[in-house]
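J.: everything below, folded, please.
(2 chains)
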There are 2 protein chains.
Amino acid sequence: MGSPTFNVVDVHTHMYPPAYIQILESRKSIPLIRRFAGAKDPRYIILPAEAEALDKISEDASSSHLPGRPVTSHYSSLAQKLHFMDTHKIDISVISLANPWLDFVPSAEAGETAKSVNQEFSNMCGEAPGRLYFFGALPLTAPPETLLTSIGRIKELKYCRGVILGTTGLGKGLDDPALIPVFKALAANGLTIFLHPHYGLPSEVWGPRATEEYGHVLPLALGFPMETTIAVARMYLAGVFEAVPDLRMLLAHSGGTLPFLAGRIESCIVHDGHLVREGKVGPKRRTIWQVLKEQVYLDAVIYSEVGLKAAIDASGVDRLMFGTDHPFFPPLTSDEQGEWESMTWNSEAVKKALGDGSDGTKAVLGNNAVEVLRLYKTAQED
Amino acid sequence: MGSPTFNVVDVHTHMYPPAYIQILESRKSIPLIRRFAGAKDPRYIILPAEAEALDKISEDASSSHLPGRPVTSHYSSLAQKLHFMDTHKIDISVISLANPWLDFVPSAEAGETAKSVNQEFSNMCGEAPGRLYFFGALPLTAPPETLLTSIGRIKELKYCRGVILGTTGLGKGLDDPALIPVFKALAANGLTIFLHPHYGLPSEVWGPRATEEYGHVLPLALGFPMETTIAVARMYLAGVFEAVPDLRMLLAHSGGTLPFLAGRIESCIVHDGHLVREGKVGPKRRTIWQVLKEQVYLDAVIYSEVGLKAAIDASGVDRLMFGTDHPFFPPLTSDEQGEWESMTWNSEAVKKALGDGSDGTKAVLGNNAVEVLRLYKTAQED
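T.: A predicted model of the protein is given here:
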């Protein structure tokens, strides 16, 4: 553990508890987990392009051309998560289910599935008290009353500090007025929303060469952060942040591209004839900058000093929180049990931007998350 | 004009010469210009959402609910362009046709249309020697030999310094191998490509509320810069910057979102199993950072200090160039003949980021453009 006044906290780190793995193994369409005779680990198939590859492949295909990614122990083993944390000197992890969460679970089952998955997360945290907290999963496909009951249940779980959410909401996006009661219930219970992308952009935008030649680079590097940006901009334009003033959102990947595009969003609003005519551009308008500085937190999963500085400039050094995206982006040319470059790029960016050992670096690497997500150890855990 | 050693240069400023206006007036589908009985100015209708509105409207509709934007004298009058430049203390403008350029012109006509449009631009520059240069338009729908002939003709035009290009290329995007000869011809002739968005993203990403409630904010504020980012990332992954080392591109809107996402692009490449297996991730790989610092220039049309600083951090203070996007984003609540906020936000961002009167500010506001685009006055023009 770090010094008494400084813990490194990872707010962006995923886990697949056993019940969730079982659901994925039972599925016939993406997302799904499938075993191949030629491969040590089962494969997790999640992207549309991978589903296409899956349709063309036989069960005993050679392991070098299998679709998806191997489901290693990094996905589901608590011991492995703690080993990763120890290797990278991470004191506390706020774990969350990975995309696409429970978005695909049939309505009638969603409530019970959420209950069981959140209980498994709660149990995992209980096995390493003080080192693990979690963002719960919501049964978004369930009827409204089930959804609100689920929030009531989550808030009672000792180690739960919020919920992880995708961008589809109830099917119409996060600017859907039907979500306002959900946002209000989360805000009223002090539950932070960790907003995370999954669906990216329609695949046509990547062009005819993407699938064969560019790997997953375009949908992951561009589609993911653009999806997040669009979702938050839609919420902002719909007035969600004004309708729910206590709403607190942690945006994955340093807000997608929001810090960089905030100026353009503002300019396009004040220069929009329709919005001006409708009286929506007045002196009382809440700007996107205000939302970034008062209602939004950004993780520091941006892999460069350039992006990180822009995120800090946009939201403030007290609103950035370190993350790793573990177990995704494992090292491909070195041992998975050793150091992960995807982690060190992010921690190095923080140190370069703010100075090694500085108060700002300590804030972003851990102190902000401790304060914002209330990760205080109880006397019992010390 | 400014001091002898410092001119303010606007590299992102559009003009519609008379021949182009005529083409737009003759069209039945977007882009088109149409006159309405109830309105002083004809309307320029360009976005898919505006085309939908057009289908529902009668010719004598009231002027407060007309689709598109008024085609004022700012679009086509040289005197108006010079007045705008004088009002904002802009010494030199590098004018260009606005989107979608000649993308919609039938193949058989494209060569002649390009010739006539480029000649009109050349004539306009000749009317204000030393104050106007231009980026030419390419007949991308024409047969390859016509296209290459057009480049040969453009380079002979005294005030032409490059070409403005959209993201569709010959129909398959800018990562199309068939474009390599075009890029090589442009590079060999010292013609800079000004890459500009038009098509945005598929409208489904904006959700069901966008058209009615959010004006044009989402497609303009997010769709445009995301389109540019995707186009350049595709070129980069296709190896275009390595295949054409002399290629020089000026990216609209400070590179879309490229400076902010460059770190994530790099991480997604080195962690991509497919690219690693294909041997595409080796020590000799040209990184996106190298492209940003060596082959790309960014305009400073980003409307905030936050974004501008990230652009400078990514590409270097010697690679940013001031722009206004005139005649788009006119002031809605003050006189169009006075100061445009869309311009001052960008100039203020430069001064805040680099210091008023500093060498960096002079570089971004003008000196970089003078050097890169060779905007030296001849003795005759002095």
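J.: please make it C-alpha for all contacts and neighbour counts, starting now.
T.: OK.
J.: hey, which helix or strand in chain A has the poorest pLDDT?
T.: Lowest on mean pLDDT, DSSP states H and E among the helices and strands of chain A sits helix A:48-55, with a mean of 77.
J.: what's in contact with that one?
T.: A:29, A:30, A:45, A:66, A:67, A:68, A:211 (C-alpha atoms under 8 Å, 6 or more residues apart in numbering or on different chains).
J.: restrict that helix to CA atoms and write it as CSV.
T.: Provided in CSV are the C-alpha atoms of helix A:48-55 (Å, rounded to 0.1, in the frame of the first residue of the first chain):
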residue,chain,number,x,y,z
PRO,A,48,-19.5,-6.8,-35.4
ALA,A,49,-16.4,-7.5,-37.5
GLU,A,50,-15.5,-10.4,-35.2
ALA,A,51,-19.0,-11.8,-35.6
GLU,A,52,-18.5,-11.9,-39.4
ALA,A,53,-15.2,-13.7,-38.9
LEU,A,54,-16.9,-16.2,-36.6
ASP,A,55,-19.4,-17.1,-39.2
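J.: next secondary structure after that helix?
T.: Downstream of helix A:48-55, the next assigned helix or strand under DSSP states H and E is strand A:69-70.
J.: could I get the average pLDDT for that following strand?
T.: If you average the pLDDT over strand A:69-70, you get 86.
J.: would you mind pulling the contact partners of it?
T.: Contact partners of strand A:69-70, identified using C-alpha under 8 Å, 6+ apart, comprise A:41, A:42, A:43, A:44, A:45.
J.: neighbours of the nearest residue to the second one once chain neighbours are set aside, how many?
T.: In space, and not counting its chain neighbours, residue A:42 is closest to residue A:35: 4.3 Å by C-alpha to C-alpha, 6 or more residues apart in numbering or on different chains. When counting by other C-alpha atoms under 10 Å in any protein chain shown, one arrives at 16 neighbours for residue A:35.
J.: how about the contacts of strand A:69-70 in JSON lines, adding pLDDT, neighbour count and secondary structure?
T.: Output for the contacts of strand A:69-70, formatted as JSON lines (pLDDT from 0 to 100; neighbours: other C-alpha atoms under 10 Å in any protein chain shown; DSSP: H, G, I helix; E, B strand; the rest coil):
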{"residue": "A:41", "pLDDT": "88", "neighbour count": "16", "secondary structure": "coil"}
{"residue": "A:42", "pLDDT": "90", "neighbour count": "18", "secondary structure": "coil"}
{"residue": "A:43", "pLDDT": "91", "neighbour count": "20", "secondary structure": "strand"}
{"residue": "A:44", "pLDDT": "91", "neighbour count": "22", "secondary structure": "strand"}
{"residue": "A:45", "pLDDT": "91", "neighbour count": "24", "secondary structure": "strand"}
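J.: would you point out the most distant pair within those residues?
T.: A:41 and A:45 (12.6 Å; C-alpha to C-alpha).
J.: which helices and strands does the helix or strand where residue A:94 lies pack with?
T.: Element membership for residue A:94, per DSSP H and E: strand A:92-96. Using 3 or more C-alpha pairs under 8 Å, 6 or more residues apart in numbering or on different chains; DSSP states H and E, the elements in contact with strand A:92-96 are strand A:9-14, strand A:132-137.
J.: any chance you could list what contacts that strand?
T.: With C-alpha under 8 Å, 6+ apart as the criterion, strand A:92-96 contacts A:7-15, A:85, A:130-137, A:164.
J.: and these near chain B, which?
T.: For chain B, no contacts are drawn from the contacts of strand A:92-96 by C-alpha under 8 Å from any C-alpha of the partner chain.
J.: could you list the low-pLDDT ranges of the stretch 1-150 of chain A?
T.: A:1-4, A:58-64 (pLDDT under 70).
J.: strands along chain A, start to end?
T.: Along chain A, the segments classed as strands by DSSP state E run A:9-14, A:32-34, A:43-45, A:69-70, A:92-96, A:132-137, A:160-165, A:192-195, A:249-251, A:296-299, A:320-321.
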